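**Q** Fold the stuff below for me.
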Amino acid sequence: MGLPLSDLLFMTWRSLTSQWLRSGLTAFGVFMGVGAVSATLNIQTITREQIDLKLAERDRPFVVPWVWVREGPRPELDEALQKSLQNSIAEIRAISSVGSVWSIRNAQYEDQEAEIRARSVSLNYLDTTGRQVLQGRFFDPADVEQYRPVVLIDQQLSEVLFQGQSPLSKTIYASGNQFVVIGVMESKSNFEWGESDGEIWMTETFASVLAGGFRYDELQISAHSVTQINILSDAVETFLLESYPQAEIYMRNNAEDLLKELEVQQISSTALTAVGLIALVIGGVGIANITVAAVLERTKEIGIRRAIGASKLEVMSQFILEATLLSLLGGTIAVAAVHGLTRVATTVVIQAPYRFSPRNAALSMGAALTVGIGASFIPALRATQVDIVKSLRSD
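**A** Reported below is the predicted structural model:
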């Protein structure tokens with residue numbers, strides 16, 4: 001006859017509490033392993049969110065190649081080369097041309113003045129950088145073809161020059177040149193040299209009109225993700241060296257600090273994962289030991305239950321259930337404790353983005369249950385092989 005679930009749970013609870021010290025030590029082993037796993041997942045999540053926040057403050061991860069030729073003219077990184085690059089390298093998200101217009105250093109609107117950086121950009125600049133136009137519009141082909149003296153300014157410069165007013169269709173003066181503002185872009189930082197009150201962007205064609213000032217064009221090549229930056233940089237360098245064997249190629253990117261953070265995070269995660277695995281193995285050994293001991297101590301009970309009609313599956317289920325309950329207990333306490341400690345650490349000790357992750361909790365509890373069920377399976381299976389007659393004769 002089958003044992004009701006309520007009776008099975010009662011018997012399991014009685015068995016565990018009768019050996020409370022052994023059960024507590026076993027649950028503690030699971031607690032240590034799951035705690036290490038949960039802490040590792042939390043650290044990974046926090047690091048990723050910190051990196052995402054830093055990425056949001058700058059352009060999409062990009063590399064900039066610098067081609068240097070000791071003798072002769074500098075190679076032209078034209079549209080044909082850009083298309084060839086993009087067709088050859090899968091890690092490239094987009095390529096745009098960016099030029100620094102050094103002759104423009106300040107901007108003025110009425111009685112407001114500001115120190116600025118001026119750049120010329122190609123029409124696909126937004127695709128490469130991921131910047132958003134907050135007001136107005138970006139350049140269109142007509143602006144380029146008709147050499148229109150129009151610019152976009154960033155949000156920071158808009159606040160300095162216009163003091164909360166709308167800058168659209170307003171005329172500003174930049175180092176003696178007159179421009180009409182057609183849009184406002186979000187402000188971002190890419191570790192530029194020197195300080196400024198903001199940026200302005202103009203078309204490449206109009207920048208060429210200002211040939212009296214030095215303007216250096218470079219390619220801004222964005223990757224699909226920050227983790228692809230090194231691969232992308234190596235691929236672009238190899239491509240350019242094959243295209244210009246006589247040149248020296250230098251590469252820079254805007255994600256060097258983030259890559260170092262990712263490397264440190266991976267090292268710490270590996271170390272914590274190793275500790276967690278060791279603790280989980282120790283917890284698993286404890287669960288296996290308590291299951292073996294329970295089988296030996298309750299041989300006669302197993303024989304009686306089998307004699308009155310309990311199936312092998314029911315006997316096996318009881319021992320696996322005991323291990324499962326210990327795993328759930330240790331795992332639940334570990335997840336709650338790590339969550340509390342992480343919350344305190346990210347609000348009192350250091351300021352870092354953190355929120356409870358159901359996914360991380362589920363993975364941690366999954367590890368606990370896997371260890372509990374896996375470690376108890378073989379001892380529980382042996383319990384089903386107990387000889388009924390011999391077990392009933394034993395004292």
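
**Q** can you give me the helices in the stretch 1-150 of the chain?
**A** 5-18, 20-56, 79-88, 125-129, 141-145 (DSSP state H, counting those that start in this stretch).

**Q** out of those, which comes closest to Met185?
**A** helix 125-129 (8.4 Å; CB to CB). The way it works is simple: take the backbone N, C-alpha and C, and place the C-beta from them, glycine included.

**Q** who are the neighbours in contact with the closest residue to Val37 other than its chain neighbours?
**A** In this structure, Val37 finds its nearest non-sequential neighbour in Gly276, 4.3 Å apart by CB to CB, 6 or more residues apart in numbering. Neighbour list for Gly276: Gly33, Val34, Gly35, Ala36, Val37, Ala39, Thr40, Ala367 [criterion: CB atoms under 8 Å, 6 or more residues apart in numbering].

**Q** Isn't the fourth one up against Val281?
**A** No - the pair Ala36 / Val281 is not scored as a contact, 11.5 Å apart, by CB atoms under 8 Å.

**Q** neighbour-wise, which of these two wins?
**A** Ala36 (24 against 14; other CB atoms under 10 Å).

**Q** Tell me the spacing between that one and Ser243.
**A** 50 Å (CB to CB, to the nearest Å).

**Q** Could you tell me how far the helix or strand where the residue nearest to Val37 lies lies from the centre of the chain?
**A** Using DSSP states H and E, Gly276 sits in helix 256-297. Remark: helix 256-297 is offset 22 Å from the chain centroid, using CA atoms, centre = their mean, to the nearest Å.

**Q** and what of stretch 38-51?
**A** 8 Å.

**Q** Give the buried residues for it.
**A** Within stretch 38-51, the residues that count as buried by 16 or more other CB atoms under 10 Å are Ser38, Ala39, Thr40, Leu41, Asn42, Ile43, Gln44, Thr45, Ile46, Thr47, Gln50, Ile51.

**Q** what's near enough to touch the residue nearest to Tyr244 when sequence neighbours are not counted?
**A** Sequence neighbours aside, Pro75 is the residue nearest to Tyr244 in space, at 5.1 Å (criterion: CB to CB, 6+ apart). By CB under 8 Å, 6+ apart, the contact set of Pro75 is Val67, Val69, Ser243, Tyr244, Ala247.

**Q** how much space between Pro75 and Thr273?
**A** For Pro75, the distance to Thr273 - CB to CB - is 47 Å.

**Q** likewise Leu53?
**A** Taking CB to CB, one finds Leu53 at 25 Å from Thr273.

**Q** More neighbours: these two, which one.
**A** Thr273 (16 against 11).

**Q** The residue nearest to Phe31 when sequence neighbours are not counted: which element?
**A** Leaving aside its sequence neighbours, Phe31 sits nearest to Gly330 (CB to CB, 6+ apart; 4.1 Å). Assigned by DSSP H and E, Gly330 falls within helix 312-344.

**Q** Hmm, Trp66 and Arg252 touching each other?
**A** Yes - counting by CB under 8 Å, Trp66 is a contact partner of Arg252 at 7.3 Å.

**Q** one step back: could you check how far the helix holding Gly330 is from the centre of its chain?
**A** 29 Å.

**Q** next helix or strand past it?
**A** Next along the chain from helix 312-344, counting by DSSP H and E, comes helix 358-383.

**Q** any idea of the mean pLDDT in that following helix?
**A** Helix 358-383 carries an average pLDDT of 83.

**Q** Report pLDDT for Ile388.
**A** 66.

**Q** what about Val264, how many neighbours?
**A** Other residues close to Val264 by other CB under 10 Å number 11.

**Q** check contacts around it.
**A** So Val264 contacts nothing (CB under 8 Å, 6+ apart).

**Q** Also Asn42?
**A** Val338, His339, Thr342, Tyr354, Ser357, Asn360.

**Q** Please apply the same query to Ala288.
**A** Ala375, Ser376, Ile378, Pro379.

**Q** Buried members of those into PyMOL, please.
**A** In PyMOL, this line selects whichever of these come out buried by 16+ other CB under 10 Å:
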select buried, resi 375+376+379
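
**Q** Can you convert the contacts of Ala288 into TSV and add a column each for distance to Ala288?
**A** Converted to TSV, those look like this (distance: CB to CB, whole Å):
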residue	distance to Ala288
Ala375	4
Ser376	7
Ile378	7
Pro379	6
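
**Q** wait, which of the contacts of Asn42 is closest to Asp143?
**A** Checking these one by one against Asp143 (CB to CB), the nearest turns out to be Tyr354, at 45.1 Å.

**Q** what about Met251, which SS state?
**A** In three-state terms, and counting by DSSP: H, G, I helix; E, B strand; the rest coil, Met251 is strand.

**Q** and the residue nearest to Val37, how far is that from Gly340?
**A** In terms of CB to CB, Gly276 sits 18 Å off from Gly340.
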